[in-house]
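# Sequence plus predicted model, see below.
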Amino acid sequence: MMELNPDWVKVVSVKGELTEMNKAGLDMLEAPRLEDAHMQPLLNYVEPDYWGAFGELHQILSGASEEIPESPHDGHIWSDGQGRNP
């Protein structure tokens, strides 16, 4: 399902490390392989003006915030990239 999705799909660890990404996401980062995307921290791919919002969203989705969305996906939290839990 992840690879067939035309949108950027990524899995990020609680520590903020990129663990999986589909081809659409790798294309956006201009990285041929996941290993190439690991050459720099994930935050380096985010515009500096959005670092705060990115960090806040990650805290919410990783459970480091009290605003923990309910997850019907076997404990995995899915987000559409804007913090909405589809």
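Arrived safely, thanks for sending.
# shaky segments in this structure?
Scanning the chain for pLDDT under 70 picks out 64-86.
# what about the helices in it?
23-29, 34-37, 51-62 (DSSP state H).
# Would you tell me which of the ones you listed gets closest to residue 2?
When the helices of the chain are compared by CB to CB, helix 23-29 sits nearest residue 2, at 9.4 Å. Yep, even glycine has a C-beta here, placed from its N, CA and C like the rest.
# In CSV, list the C-alpha atoms belonging to the closest one.
Output of helix 23-29 as CSV, limited to C-alpha atoms (Å, rounded to 0.1, in the frame of the first residue of the first chain):
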residue,chain,number,x,y,z
LYS,A,23,9.2,6.3,-4.1
ALA,A,24,7.1,9.5,-4.3
GLY,A,25,8.8,10.8,-1.1
LEU,A,26,12.2,9.8,-2.3
ASP,A,27,11.5,11.6,-5.6
MET,A,28,10.6,14.8,-3.6
LEU,A,29,13.9,14.5,-1.7
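# can you list contacts of stretch 21-37?
The contact list for stretch 21-37 (CB atoms under 8 Å, 6 or more residues apart in numbering) reads 2-3, 5-11, 18, 20, 39, 45.
# do that again at 10 Å, thanks
1-12, 18-20, 38-40, 42, 44-45 (CB atoms under 10 Å, 6 or more residues apart in numbering).
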